[in-house]
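Visitor: Sharing a sequence plus its predicted fold:
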Amino acid sequence: MKKKIAIGVLAYDVEKYIEQVLTDLSQTKEQLYVIDDSSNDNTLEILENFQPKVPMKIIRNKKNIGAGASTRKLIEVAKSDGYDMILKVDGDGQFIIQDVIKILDIASKNNYKYIKSNRFWEGGIKGNIPKKRFFGNLLATMFLQVTTGTNKLYDPLNGLFAISTSVISDTNFKYYPKRYGYPYYFSVSAIINGYETYQINNVVIYNDQSSNLRSTIVLFTIIKLSIIYYFKKIKIKKNIGLYQRSAFLDLTFIISFILTLYLLIQLIYTVYFANVVLIRSGNLLIILIFSILFNIFIFIASFKEEKSIRNTYIYSEN
């Protein structure tokens, strides 16, 4: 049976770009879902005027609920209408139609449940990416790789992706971000839940698009999700024979990391506050160094063990 794929577009205050975005997307001949997240400009009026030209379903949020919540709503609507996957696009004109077509082609010919994009390759960025976004994405990539145990994936905040609508049924949305960081959530969740995943190299265009992204909130969300899913993956791995050695190494790393923090605090206390000491500061420093080296060794061992398994179902255009 041919896979049914829809395209979902997030639209919030994008009156300058949305008509061109929809014109480009109409080339695909796929069903379009456009969600207006209570825009303050003429976005909704433009959508309603454009609707007769293409098969498009407009979803209007009575109040602004955020990009994350709107994306989840798109997935739910597409699933209820019988679609197997939804390709999510932003309405601000940052993505090019060639990449959308590329994802549609890959999705239709393969059984991937998650197809993500990566802008960090030669030719992937057109214009000047804001420094906060550049370094924020690098940091997010580091957290993603540490959390999931794979070095194949990059740019987990990229908003161009396709995902199986079954994610609504088999994913716990307890920690799902309603506004910022939702692409990171899908990336981490997909890998830890064993989704067959493919990463394309896409192009992101930076012109004069405005952004409501709040760096501190995104950073907090990424750190929170990374901690939650790091422990969740250990819980999953310890019950699967293939992963049990890696799970043991993860637990060893956590215990060793806590001990290292204790030694660091003890060293600071000994140097600056203690009047009487049981262990001299020099000896504590040596123990601390050995503890740090042991931490590094255990983490690398665990990462290599997990990577060898994860990379069997993760594919990349690189």
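Guide: Alright, I've got the coordinates.

Visitor: going forward, measure contacts and count neighbours with C-alpha atoms only.
Guide: Fine.

Visitor: how far away is residue 270 from residue 289?
Guide: Using Cα to Cα, to the nearest Å, one obtains 16 Å as the distance from residue 270 to residue 289.

Visitor: no wait, residue 259
Guide: As judged by Cα to Cα, residue 259 and residue 289 stand 12 Å apart.

Visitor: What are the boundaries of the strands in the stretch 1-150 of the chain?
Guide: For the stretch 1-150 of the chain, strands defined by DSSP state E, counting those that start in this stretch occupy the ranges 5-11, 32-36, 56-60, 85-90, 114-118, 125-127.

Visitor: Dump these into TSV; add mean pLDDT, distance to residue 103 and mean neighbour count as well.
Guide: Formatted as TSV, these follow (pLDDT from 0 to 100; distance: least, Cα to Cα, whole Å; neighbours: other Cα atoms under 10 Å):
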stretch	mean pLDDT	distance to residue 103	mean neighbour count
strand 5-11	97	10	25
strand 32-36	97	15	24
strand 56-60	95	20	17
strand 85-90	98	8	25
strand 114-118	97	7	26
strand 125-127	94	18	14
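
Visitor: Select, out of these, the one closest to residue 163.
Guide: Of all these, strand 114-118 sits nearest to residue 163, with 4.5 Å by Cα to Cα.

Visitor: I figured residue 291 was touching residue 256, is that so?
Guide: Yes - contact criterion Cα atoms under 8 Å: residue 291 and residue 256 qualify, at 7.2 Å.

Visitor: hmm, back to that, between residue 270 and residue 289, who's got more neighbours?
Guide: residue 270 (18 against 15; other Cα atoms under 10 Å).

Visitor: what's the host helix or strand of that one packed up against?
Guide: Assigning secondary structure by DSSP states H and E places residue 270 in helix 244-272. Counting contacts by 3 or more Cα pairs under 8 Å, 6 or more residues apart in numbering; DSSP states H and E, helix 244-272 packs against helix 215-237, helix 281-310.

Visitor: quick one: buried residues of the longest one?
Guide: Burial within helix 281-310, assessed by neighbour count using 16 or more other Cα atoms under 10 Å, is assigned to 281, 284-285, 287-288, 291-292, 294-295, 298-299, 301-303, 305-307, 310.

Visitor: Grab the nearest non-local neighbour of the residue nearest in space to the middle of the chain.
Guide: Centroid check for the chain by Cα atoms, centre = their mean gives residue 184 as the closest residue, at 1.9 Å. Here the nearest residue to residue 184 in space, its sequence neighbours aside, is residue 156; by Cα to Cα, 6 or more residues apart in numbering that works out to 4.9 Å.

Visitor: ok, the one you found - contacts?
Guide: 118, 137, 140, 141, 144, 183, 184, 187 (Cα atoms under 8 Å, 6 or more residues apart in numbering).

Visitor: ok so the residue nearest to the centre of the chain is a helix residue?
Guide: Yes - under DSSP: H, G, I helix; E, B strand; the rest coil, residue 184 falls within a helix.

Visitor: and the gap between it and residue 104?
Guide: 21 Å.

Visitor: same check, this time on residue 145
Guide: Going from residue 145 to residue 104 by Cα to Cα gives 26 Å.

Visitor: ditto for residue 113
Guide: From residue 113 across to residue 104, the span is 12 Å (Cα to Cα).

Visitor: Return the residues in contact with the nearest residue to residue 88 once chain neighbours are set aside.
Guide: With Cα to Cα, 6+ apart as the measure, residue 8 is the residue that lies nearest to residue 88, at 4.7 Å, once sequence neighbours are left out. Applying Cα under 8 Å, 6+ apart, we find residue 8 in contact with 32, 33, 34, 35, 71, 74, 75, 86, 87, 88, 89.
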